[in-house]
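Whatever this is, show me its structure:
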Amino acid sequence: MTCIRRQDSMLVYQKNHETLVIQPWGPDSLRVRSTMNDTFRDLPHALLDQAPIEPEIVITAESAWLRNGKVKAEFSADGGLRFSHAENGKVLLSEEKPIFHRSPSRNFRPTRGDNYHITVRFQAQAEERFYGLGQHTSGLLDQKGCVVELAQRNTQVSIPFLVSNLGYGFLWNNPAIGRVELGRDITRWVAESSPQVDFFLTVGDSYVEIMEHYADATGHPPILPEFAAGFWQCKLRYRTQAELLSVAREYKRRGLPLSVIVVDYFHWTMMGDWQFDPEFWPDPTKMVRELEEMGIRLMVSVWPTLNASSKNFARFQENGWLVRTERGVPAGLLITDSYPGGPVYVHYYDSTHPEARRAVWELVNANYLKHGIKVWWLDACEPEIYPADFDNLRYHLGSGLEVGNIYPLLHERGFFEGMQAAGEMDVVTLCRSAWAGSQRYGAAVWSGDIPSTFESLQIQVRAGLNIAMSGIPWWTTDIGGFLGGDISTPYFRELIVRWFQYGVFCPLFRLHGVRQDSSTDMGQGTGTGAANEVWSFGEPAYAIIKDLLHYRERLRPYIMAQMRLAHEKGIPPMRPLFFDFATDPEVYQIEDQFLFGADILVAPVLYQGQFERQVYLPAGADWQDVHTSKRLAGGQWITASAPLERIPVYYRWGSRPI
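Model (predicted):
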């Protein structure tokens, strides 16, 4: 093929103004880039540099192919691409075949400058299932048949990496706003505005192998600090230092385990000052010291926003460190800040600007780290801009349409690098959004401002499993949900118990929410809401939750063992049944059970008034009922008793999780 040549370790295709490059990118993996421009732009992306690999490349008059371990990329005579398993010949991914005047599978439609509206189409395979793509509220685990928006929003985390049951992982290595359409007839990836196609494909003979390749390519998470495996207490919000300390002391008085307690938003003088309000938080250093003496870490909420009246705003504006708007109000969000009273427009700092990241960290270092605070809650880091008109945003690295999805990753990077520069190696940042590679910066993701309903709890199970398959091992929810929980009602008291039973088997174990009762509104804005401590929901619920807190403590050595695996191999602690039992066809139908590590099978109760449920025990292992110690054969459905105080849980027979 005269339009194809070998260049070092790459296969290069050039025809009709298009340049396409395929190169090895780690074991059994390829990076593919294509552009209609003269050169490739150095866009921000997720991939890390890899050691050079010498692939096998063959070019003939009719075809050309490149092989790297188990993955093979092959060009057809018309320039179409096909990817297969190099050892068994199985076709994994193939571009749509050309037909008459239909646009090509790699389609570039000019927009502004050297950017294009880009579409890449692949043929669909009927038996294929897709997992990953971050965290979404569809309530589906298998996303075949879905149209998934590639954009960051509250409760929607866009991580453009999917895992196929056919044995490959695919990363759309592009921070542009777009979508992926996982149709029955076609798979289509779309970037609204970008100069080039860029994707990563990896092949593995197991889900473990695929996830390990992905972690090698985008970064391994650090080892989770020991303290983070315990229980985290949070609510919207503790108004004062005295109030927060009284809660921590009450946990200790009751003999309840507590690892982290959280200072939520509006503890500051105003957004963009990044400091405690001394009227309500008079001695943060003393507060941190007392908490640490009780074995408790303090986490503080740090928003990426600046009030125009804040003392840092003029500096950020003059230096070009703010996200700009192309039209309309030059701000991102209308919100009620601490001062001055009433709604104000606040601006977002530009995390894509390295000097802006350093400036934010310097203020956080001076006003929080100096007090001994070392755990960060990076709220609203999508960023939360309303309305979310991505085409109206301008970042240091490009337009909102071109680079908007990478904001949370670079925000997390600023804190991670700042902590390491300060000599702090145990980094945990609780984030409402993330992108491919966020795990390497110690990003722990939670599922955002979700409602306090059983329907929401059902969605969380699928959402958590998909974000686990997206390379994020540290994940959690607001136990009980965030919005609308009336702590005085039987409905919520049943819900909070069932959510705690689920939460104890999540990678992170955190209570949060804006609560209400008969005398309290929802407490949003600068409010506080009703009580949200574990003893706040009535004695029957408290007795059950107290036992769960102590059970989590006994699980912590097992949890840390799973976190070491996540660090070393990218294996998520929380994962679908098929991850470990891929040869059992039944498990692919099950979306409301999961594995917590290799040895614990969890079947949460997800419906109001449900006191038994059907549970499938995967074939390939025997299982021990945690509550009865009975040995049960795998490969069968059982009816599990689930009174309010019990969640069906099973240990792999012969294992010792606790």
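
Show me how the chain divides into domains.
4-203, 228-441, 574-652 (automatic domain parsing).

Format those as CSV; extra columns: mean pLDDT, mean neighbour count and distance to residue 558.
The C-beta positions use only the backbone N, C-alpha and C, and glycine is treated the same way. Converted to CSV, the domains of the chain look like this (pLDDT from 0 to 100; neighbours: other CB atoms under 10 Å; distance: least, CB to CB, whole Å):
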stretch, mean pLDDT, mean neighbour count, distance to residue 558
domain 4-203, 96, 19, 24
domain 228-441, 97, 20, 10
domain 574-652, 98, 18, 6
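
The ones you listed: which one's closest to residue 466?
domain 4-203 (5.8 Å; CB to CB).

returning to what we had before: which one of the domains of the chain lies nearest to residue 514?
Once the domains of the chain are compared by CB to CB, domain 228-441 is nearest, at 4.0 Å.

that older thread, which one of the domains of the chain lies closest to residue 568?
domain 228-441 (12.9 Å).

correct me, but residue 184 touches residue 128?
No. Look at residue 184 against residue 128 with CB atoms under 8 Å: they stay out of range, at 9.7 Å.

and for those two, which residues touch both?
residue 144 (CB atoms under 8 Å, 6 or more residues apart in numbering).

what's downstream of the helix of greatest length in the chain, the next helix or strand?
Criterion DSSP state H: the longest helix present in the chain is helix 539-569. Downstream of helix 539-569, the first helix or strand assigned by DSSP states H and E is strand 574-575.

So what are the sheet partners of that next one and their directions?
Neighbouring strands of strand 574-575 in its sheet, by DSSP bridges, are strand 594-596 (antiparallel).

ok, then the element right after the strand it pairs with?
strand 600-602.

Now do the SS call for residue 410.
At residue 410 the chain is in helix, as set by DSSP: H, G, I helix; E, B strand; the rest coil.

Could I get the contacting residues of it?
With contact taken as CB under 8 Å, 6+ apart, residue 410 is in contact with 44, 351, 352, 357.

What separation do you get for it and residue 306?
17 Å (CB to CB, to the nearest Å).

Check residue 599 too.
48 Å.

ok, back up a step: switch the domains of the chain over to CSV; also include distance to residue 531.
CSV is the format used below for the domains of the chain (distance: least, CB to CB, whole Å):
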stretch, distance to residue 531
domain 4-203, 25
domain 228-441, 8
domain 574-652, 21
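
So for residue 567, which of the ones you listed sits nearest?
Using CB to CB, those put domain 228-441 closest to residue 567, at 9.7 Å.

and the closest one, how far apart are its ends?
Domain 228-441 has its terminal residues 15 Å apart, counting by CA to CA, to the nearest Å.

and if you look at stretch 155-175?
18 Å.

so residue 409 sits right up against residue 439, yeah?
No. Using CB under 8 Å, residue 409 is not in contact with residue 439; the gap is 9.8 Å.

give the contact list for residue 563.
Residue 563 neighbours (CB under 8 Å, 6+ apart): 223, 224, 229, 473, 507, 573.

go again using 6 Å as the cut-off
residue 224 (CB atoms under 6 Å, 6 or more residues apart in numbering).

Distance of it relative to residue 574?
Counting by CB to CB, the gap from residue 563 to residue 574 is 11 Å.

Check residue 236 too.
Here residue 236 is placed at a distance of 25 Å from residue 574 (CB to CB).

Please apply the same query to residue 364.
30 Å.

Ok, residue 246 next?
Computed as CB to CB, the residue 246 to residue 574 distance reads 33 Å.

now residue 258
Using CB to CB, we find residue 258 at a distance of 22 Å from residue 574.

likewise residue 321?
Distance from residue 321 to residue 574, by CB to CB: 37 Å.

do residue 63 as well
Using CB to CB, residue 63 is found at 43 Å from residue 574.

ok, now residue 555?
13 Å.

swap in residue 604?
12 Å.

what do you get for residue 635?
Residue 635 is 23 Å from residue 574, by CB to CB.

and what of residue 34?
36 Å.

what does residue 138 give?
From residue 138 to residue 574 the distance is 18 Å (CB to CB).

Equivalent analysis for residue 17, please.
Distance from residue 17 to residue 574, by CB to CB: 46 Å.

got a list of what residue 375 touches?
When contacts are taken as CB under 6 Å, 6+ apart, residue 375 is in contact with 297, 299, 428.

In this structure the last one contacts residue 226, no?
In this case it means residue 428. No. Between residue 428 and residue 226 there is no contact, the gap being 11.0 Å when judged by CB atoms under 6 Å.

Do you have the helices of this structure handy? List them.
207-218, 241-253, 284-293, 313-318, 354-367, 400-403, 407-421, 454-468, 490-503, 539-569.

got JSON lines for those, with distance to residue 9 too?
As requested, the helices of the chain are exported to JSON lines (distance: least, CB to CB, whole Å):
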{"stretch": "helix 207-218", "distance to residue 9": "16"}
{"stretch": "helix 241-253", "distance to residue 9": "56"}
{"stretch": "helix 284-293", "distance to residue 9": "52"}
{"stretch": "helix 313-318", "distance to residue 9": "44"}
{"stretch": "helix 354-367", "distance to residue 9": "31"}
{"stretch": "helix 400-403", "distance to residue 9": "28"}
{"stretch": "helix 407-421", "distance to residue 9": "28"}
{"stretch": "helix 454-468", "distance to residue 9": "33"}
{"stretch": "helix 490-503", "distance to residue 9": "47"}
{"stretch": "helix 539-569", "distance to residue 9": "26"}
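
Indicate which one of these is closest to residue 654.
helix 539-569 (14.5 Å).

buried residues in that closest one?
Buried residues in helix 539-569, counting neighbours by 16 or more other CB atoms under 10 Å, are found at 541-542, 544-546, 548-549, 552-553, 555-556, 558-560, 562-563, 565-567.

For stretch 497-509, C-alpha coordinates in PDB please.
Output of stretch 497-509 as PDB, limited to C-alpha atoms (Å, rounded to 0.1, in the frame of the first residue of the first chain):
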ATOM      1  CA  VAL A 497     -30.100   1.500  57.400                       C
ATOM      2  CA  ARG A 498     -30.100  -0.100  54.000                       C
ATOM      3  CA  TRP A 499     -27.700   2.500  52.700                       C
ATOM      4  CA  PHE A 500     -25.300   2.000  55.600                       C
ATOM      5  CA  GLN A 501     -25.400  -1.800  54.800                       C
ATOM      6  CA  TYR A 502     -24.400  -1.000  51.300                       C
ATOM      7  CA  GLY A 503     -21.900   1.700  52.200                       C
ATOM      8  CA  VAL A 504     -19.900  -0.500  54.600                       C
ATOM      9  CA  PHE A 505     -18.800  -2.500  51.500                       C
ATOM     10  CA  CYS A 506     -18.000   0.600  49.400                       C
ATOM     11  CA  PRO A 507     -14.300   1.500  49.000                       C
ATOM     12  CA  LEU A 508     -14.900   4.600  51.200                       C
ATOM     13  CA  PHE A 509     -17.400   4.700  54.000                       C
END
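
Alright, that wraps it up for me.
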